[in-house]
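>>> here are the coordinates; sequence isn't available:
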């Protein structure tokens, strides 16, 4: 018997080290990133954090819309439209943007670091994977730098360093431009699926980066490349309802889609729900009616030509403030199975953006109003009035009527109408400089913009757990 | 259902078999967390008293559209109560078998095998009548299988009737495998199917499964030696190997020893008859904790989904928790105790002093969000707990009026001795509407889990709350935070009392806690969150800041408050509660001559009927976020409160 016992103990001794090794039935980081399929799923993981309710799924784009001069926040979003900086509730929202966008950057860095080592990847697979990751990393940093200025830079070189301090705004832009130059060279000519980046997506983003920084000649030339590629065209529209060929829930992709964040009922967004009142049933999951405007009190809306089909993309709904309250019709999903399952894609760049950017940047760079620039503006304008974008129409603007300043104002006005509810206006005003921004917002809303409105605070969680950023000297002004 | 069988096959051989079947059914209500009416408790407290729960046509009132300024989070509480169903059933089988072999007198070889199987299923359904709901059904099942094998050899020997020796050595192995499967769907035509037909959902969710396994292996040995029933020695040693820890840190070694002196059995005690029992005890030992989940040290990829076109694509990336190198958390404990009984056991007192030094404390550590990971588990440092515990049993009165009490009190002091990276460790912040970062903190030299926030400094000229510039740098920044409260009680106590007179019996159970603070997070939405149509305490109306009343308890009524976690949310959580009281009348059965009736009693009992506390919210016995590894202790955040119940009953025995 004693022999048996010692045998058991002996066997146990031999087997135990092996039994204590965990075999988790999950994929280990160390063995991944070798095949094309593995790489594809790692790249898809860079997109995922940008789609959350914190970012393009609702909060980020909603905040930017609250900061416009044509809409107002309601409830907990109302305070944003006072332009006096963020309160704690909304800082909670910007904290969420920060966290998720940095998760996207982490996932991009993992791809940039691992793709070149992929055992079963050919040279093109490797360079395309890195290019797509760099495009998305640039996209993320561009989002961050516009709202927080200089932020901590995390690349493949320091992605696992615990604490990293703030970099200068110039350094962040340098990284963005370098990443996009590689992306525009190595990305494929067409996206491998709608919603993914191509060479032309990268060029559009690079044009926008130059444009935002006031490098108008570079911006115009990048936009011209995109236009010359003939990859995109405006979707013709005859009636208001035709706009659902662009913004509708069933649209898989369109000729004017340059870069959209994609959603479906199975994996949807909450932004559409944010925009509607439960009574209107235009969002199947109810509605926060968290952003609204007023057809009588807001001058931009009031002065909007009723013949403009885009003005038809709004509906009056009494949210308790009277019958002139107005909600958007651009994004509707009556069949959404729940509040967070709306299937409308959220556009980041449409071809109309590229045309208007090109027109304005060229005019700013040359100081002249060219026939080409006016034609690009007209393409967008005609379509909005139900005309063929490519044919001369009665609503066309004429070159002879405009000098540089008038033309630029006209393009910015057209951008406001064209991109309403798409998270654009605040940045269009910001790039005009703080004095001009303040005067435009004052004129349209009667409100003064506090300086602390321009940048968001570094999250307290970052200050608490990252000793390289001092809460007393490194925080953005006003917080 | 329990069954136990024991069979002595021969003098040297025996087998034992036991099995236990348990069925647990649970019905849950949505209760915890939320804000501005976004959870059951929050909605009950926050719903505007100006509105009725139903519309005139009998449908539920939609509170979210009741006023243009109202919170978009607020639900009609009846939605949660009536239109959601959340229940789970667990079937648990525990079976074990042992083989005993006794080759010689005193020597026993025992081989024990046990298996636990826990199959459970949870069903959640949200009906079409729930606000803006198109019907949601979710079903999840889980299977846990645990195996335990113990192989021990024990030997008992008494020599000369004075030396009593027993020894045990063995090897044990246990593992646990958890598996689960869940599915869901949204969009149902009818509530009839509830969770019985997920495939009827308009939008099916993605099914998910999980698997985890962990293993624990131990070698153990123990020797007990008793001399003349006066001196008792124990020495033991165990080596534990856990799969959860990193290579090189899997094994922990835990020796311990104990000594007790039964003083009463000494000859000199025979002259002190008033003392009926006296025993002194001391012990020292190391114990290990493996209170972490499996796979915390592995670099694993988490899967997810994203959309391109209208199609879902797989994503693989690391999760949000950063894996790290981990080893056993070890606690060294020394204990000194005294048991004394007097007057033939009528009064018994036990007193214990202990000191516990824990090193390699396992805790969740938050990471800077820019890292892309939000948290990690680490062996963070050393803490010390020391304390005193007393238990007193007393038969105060004997005779027709009988009164027995059992009282206990425990004092514990915790202190963070060392944090390995020298920096404070902050818990993950809880945020409620405009107050973010409600946090606890570990700091060297301080007790565990202190509340960390700002010190209040009255109001500015506009009635906005001000905070002290704690670090005196002229700026208001997160560096001005300091320790503002202590969730650890000075002592906790309890009292059981049983009084009987003739056929009446009155029992009471009192319980209390003294000196602990509570962070009253629940109060934020209902005392400070103005302008969203939420129900408020009456006190807010009578005592808020106005130009005339600048020293008010509450700030100016405005929706533009910018507030922080500060002393104003910290309250004294001391309480004394009558947990249980029962008055029973035992029917004198014998006098009735009813032979088939063995006993009968009539009773009335009540639970939680009386609570003495200065705490302002509904239940001081609260710890909303406090799990075992959690730093977020002492928080009251819309937890389902303890209920008061009164029961009247009859007990009859045949």
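On my side now, so go ahead. If you're wondering where the values come from, they're calculated on a predicted model, not measured in any experiment. Residues are numbered from 1 along each chain as shown, chains lettered A, B, ... in the order given.
>>> which residues of the stretch 351-479 of chain A score low on pLDDT?
For the stretch 351-479 of chain A, no stretch is flagged by pLDDT under 70.
>>> can you pull up the bridge partners for residue B:235?
Note on residue B:235: beta-bridge partners by DSSP bridges are residue B:223, residue B:257.
>>> burial count for the closest residue to chain B within the stretch 351-479 of chain A?
Evaluated by Cβ to the nearest Cβ, the stretch 351-479 of chain A has residue A:466 as its residue closest to chain B, separated by 3.6 Å. Every residue, glycine included, has its C-beta placed from N, CA and C. For residue A:466, the tally of surrounding residues (other Cβ atoms under 10 Å in any protein chain shown) stands at 23.
>>> Quick one: residues contacting the single nearest residue of the stretch 301-450 of chain B relative to chain A.
Across the stretch 301-450 of chain B, no residue is closer to chain A than residue B:372, which sits at 2.6 Å (Cβ to the nearest Cβ). For residue B:372, the contacting residues are A:102-103, A:105-107, A:154, A:159, B:318, by Cβ atoms under 8 Å, 6 or more residues apart in numbering or on different chains.
>>> re earlier: got a list of what the residue nearest to the residue of the stretch 351-479 of chain A closest to chain B when sequence neighbours are not counted touches?
Using Cβ to Cβ, 6 or more residues apart in numbering or on different chains and skipping the chain neighbours, the partner closest in space to residue A:466 is residue B:368 (3.6 Å). Going by Cβ under 8 Å, 6+ apart, residue B:368 touches A:162-164, A:461-462, A:465-466.
>>> Of those, just the buried ones, ChimeraX syntax please.
Buried members of the contacts of residue B:368, defined by 16 or more other Cβ atoms under 10 Å in any protein chain shown, are picked up in ChimeraX with:
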select /A:162,164,461,462,465,466
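>>> Next step: the contacts of residue B:368 restricted to strands.
Judged by DSSP state E, the contacts of residue B:368 include no members of strands.
>>> Looking at the contacts of residue B:372, which are in strands?
Assigned to strands by DSSP E, the following of the contacts of residue B:372 qualify: residue B:318.
>>> just to revisit the earlier point, measure the residue nearest to residue A:466 to residue A:224 for me?
Going from residue B:368 to residue A:224 by Cβ to Cβ, to the nearest Å gives 41 Å.
>>> try residue A:183
18 Å.
>>> got a list of what the residue in the stretch 101-250 of chain A that chain B sits nearest to touches?
Here the stretch 101-250 of chain A gets closest to chain B at one residue, residue A:106, 2.6 Å apart by Cβ to the nearest Cβ. When contacts are counted by Cβ under 8 Å, 6+ apart, residue A:106 touches A:154, A:159, B:317-318, B:371-373.
>>> For residue A:49, see how far away it is.
Applying Cβ to Cβ to residue A:106 and residue A:49 gives a distance of 9 Å.
>>> now do residue A:226
Residue A:226 is 27 Å from residue A:49, where distance means Cβ to Cβ.
>>> any low-confidence regions in chain B?
Short version for chain B, where the test is pLDDT under 70: B:31-32, B:628-629.
>>> now the helices for it?
Ranges of helices in chain B, per DSSP state H, are B:40-46, B:77-83, B:524-527, B:538-542.
>>> How about the stretch 51-200 of chain A?
Counting by DSSP state H, counting those that start in this stretch, one finds helices in the stretch 51-200 of chain A at the ranges A:59-66, A:88-114, A:123-148, A:169-186, A:199-212.
>>> Now render the ones you listed as TSV, adding mean pLDDT and distance to residue A:473.
TSV is the format used below for the helices of the stretch 51-200 of chain A (pLDDT from 0 to 100; distance: least, Cβ to Cβ, whole Å):
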stretch	mean pLDDT	distance to residue A:473
helix A:59-66	98	26
helix A:88-114	96	19
helix A:123-148	98	16
helix A:169-186	98	16
helix A:199-212	98	27
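>>> export these to JSON lines and tack on distance to residue B:581?
Formatted as JSON lines, the helices of the stretch 51-200 of chain A follow (distance: least, Cβ to Cβ, whole Å):
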{"stretch": "helix A:59-66", "distance to residue B:581": "51"}
{"stretch": "helix A:88-114", "distance to residue B:581": "45"}
{"stretch": "helix A:123-148", "distance to residue B:581": "59"}
{"stretch": "helix A:169-186", "distance to residue B:581": "67"}
{"stretch": "helix A:199-212", "distance to residue B:581": "71"}
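>>> Of all those helices, which one is nearest residue B:479?
Closest to residue B:479 of these is helix A:88-114 (Cβ to Cβ; 17.0 Å).
>>> does residue A:297 count as helix, strand or coil?
coil (DSSP: H, G, I helix; E, B strand; the rest coil).
>>> which residue packs closest to it, ignoring adjacent ones?
For residue A:297, ignoring the flanking residues on the chain, the nearest one in space by Cβ to Cβ, 6+ apart is residue A:324 at 6.8 Å.
>>> The one you found contacts residue A:293, doesn't it?
No. Judged on Cβ atoms under 8 Å, residue A:324 makes no contact with residue A:293 at a distance of 9.3 Å.
>>> what's around the residue nearest to residue A:297, how many residues?
15.
>>> And residue B:542, by the same measure?
Count around residue B:542 with other Cβ under 10 Å applied: 11.
>>> how close does it get to chain A?
Distance of residue B:542 to chain A, given as Cβ to the nearest Cβ, to the nearest Å: 26 Å.
>>> can you check residue B:118 too?
Taking Cβ to the nearest Cβ as the measure, residue B:118 falls 20 Å from chain A.
>>> contacting residues for the residue lying closest to residue B:224 once chain neighbours are set aside?
Distances taken as Cβ to Cβ, 6+ apart put residue B:166 closest to residue B:224, at 4.6 Å, once the chain neighbours are dropped. With contact set as Cβ under 8 Å, 6+ apart, residue B:166 has these partners: B:154-157, B:223-225.
>>> Report the beta-bridge partners for residue B:166.
When bridges are called by DSSP bridges, residue B:166 pairs up with residue B:156, residue B:224.
>>> how much space is there between the residue lying closest to residue B:346 once chain neighbours are set aside and residue B:502?
Nearest non-adjacent residue to residue B:346, counting by Cβ to Cβ, 6+ apart: residue B:395, 4.6 Å away. According to Cβ to Cβ, residue B:395 stands 18 Å off from residue B:502.
>>> Same drill for the two, tell me which one is more crowded.
When residue B:395 and residue B:502 are compared for neighbours, residue B:395 comes out ahead with 16 against 10, by other Cβ under 10 Å.
>>> what sits against that one?
Applying Cβ under 8 Å, 6+ apart to residue B:395 gives the contacts B:346-347, B:402-404.
>>> Please point out which parts of stretch A:445-464 sit buried.
Neighbour count says stretch A:445-464 has A:445, A:449, A:452-464 buried, by 16+ other Cβ under 10 Å.
>>> Also near chain B: which of those, exactly?
The subset of the buried residues of stretch A:445-464 within reach of chain B, by Cβ under 8 Å from any Cβ of the partner chain, is A:459-464.
>>> Now residue 90. Nearest residue, chain neighbours left out?
Defaulting to chain A. Per Cβ to Cβ, 6+ apart, closest to residue A:90 is residue A:80, 5.8 Å.
>>> if you could check chain B rather than the one you did, that'd help
residue B:120 (3.7 Å).
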